[in-house]
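In: Here's a sequence, model it:
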Amino acid sequence: MLMSAYRNAKIFLTLLSLSVALSATPALACPRGNPDSLAYIDRGDRCEGLINHSISASIRLVSFTTGAPAEYPNRLILRIPGINQMPQFKMQSFLRGYLLDNLSPRAVRFINNSMEYYLNTQPVLQEGNVPPQSLRAVAYLTQKSENIYYPVILNPSSQRYEFTLFAGSNARTTFPTLQIRKDGRIYYNASQTIPKTGEVRFSWNFGNAPAGRYELYMAIEQQRRGQPQKKDIRIIPFYHNPAWF
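Out: The predicted structure is shown next:
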């Protein structure tokens, strides 16, 4: 019996380690370098540049935004409403291998219950030919071990949110149910039944939806070669307020 319990504990720890390895996104080294380079380096108030970074195999929300520039201004205003503290933030382009993160608290400002950051687009976004429509940005605060997401406004803003999920390339993924819910009411209901890998995008025209905490509810089906189909439910909480726009 003791040997059986030991084997079961060992198997559990192995599965737990695998789960952590798949779901965690390791922090990337941000070295100092030539500021004229396009490489991902420490640029004083941020880490930014072009980099070949691995993508987690787990399904993740990689972007929750509204608005997008048709072309780059010299300074791109990134605004995250509804917060008065530093969030976890990342902006990237999978198409171009671009990454922006590790914003310095000294470089942002908090005004009217929002965080703002002014990004110089010349050294990397423009010189690196990163298409504006390929930018994906996400921000969240961790409260009681739960990540709560807030929209990233890429000026000019719009009356709809763009959500981007990323499904690892080692499985064909479908979403039989994609819903946005609040207090038992469904505000958005759709499905993505064509097997996908990589980015899965959809938009929500929030219209007159009231302020408050919402949930992105996902029923997920994944098929890996030679393995039985896996089904899962994921719920991602986020905040919305029409007064932010």
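In: Pull the contacting residues for the residue nearest the centre of the chain.
Out: Nearest residue to the geometric centre of the chain (CA atoms, centre = their mean): Val62, 2.3 Å. Residues counted as contacts of Val62 (CB atoms under 8 Å, 6 or more residues apart in numbering) are Gln92, Arg136, Val138, Thr164, Leu165, Phe166, Glu199. The way it works is simple: take the backbone N, C-alpha and C, and place the C-beta from them, glycine included.
In: any idea which element the fourth one lies in?
Out: What that stands for is Thr164. Following DSSP states H and E, one finds Thr164 within strand 160-167.
In: in the protein, which ranges drop under the pLDDT threshold?
Out: Residues of the chain meeting the criterion pLDDT under 70: 1-27, 54-57, 169.
In: Would you map the helices across it?
Out: 2-23 (DSSP state H).
In: quick revisit: determine the number of other residues adjacent to the residue lying closest to the residue nearest to the centre of the chain once chain neighbours are set aside.
Out: Take Val62 and drop its neighbours on the chain: the residue closest to it by CB to CB, 6 or more residues apart in numbering is Phe166, 4.6 Å away. Here the number of neighbours of Phe166 (other CB atoms under 10 Å) works out to 23.
In: how far away is Phe166 from Gln122?
Out: Look at Phe166 and Gln122: by CB to CB, to the nearest Å, they are 28 Å apart.
In: what does Arg79 give?
Out: 20 Å.
In: Just want to know which of these two has more residues nearby.
Out: Set Arg79 next to Gln122 and count neighbours by other CB under 10 Å: Arg79 wins out with 20 against 11.
In: what sits against that one?
Out: Taking CB under 8 Å, 6+ apart as the criterion, Arg79 is in contact with Ser114, Met115, Glu116, Tyr117, Val152, Ile153, Asn155.
In: rerun that using 7 Å as the cut-off
Out: Ser114, Glu116, Ile153 (CB atoms under 7 Å, 6 or more residues apart in numbering).
In: Neighbours of the first one, how many?
Out: It stands for Ser114. Neighbourhood size, Ser114 [other CB under 10 Å]: 16.
In: same thing with the second one?
Out: By the criterion of other CB under 10 Å, Glu116 has 15 neighbours.
In: residues in contact with it?
Out: Residues counted as contacts of Glu116 (CB under 7 Å, 6+ apart) are Ile77, Arg79, Val108, Arg109.
In: do that again at 8 Å, thanks
Out: Ile77, Leu78, Arg79, Ile80, Val108, Arg109, Phe110.
In: again, but for Ile59
Out: Leu165, Phe166, Ala167, Gly168, Thr173, Met218, Ile220, Gln222, Arg234.
In: Pull out the buried members of those.
Out: Leu165, Phe166, Ala167, Gly168, Thr173, Met218, Ile220, Gln222 (16 or more other CB atoms under 10 Å).
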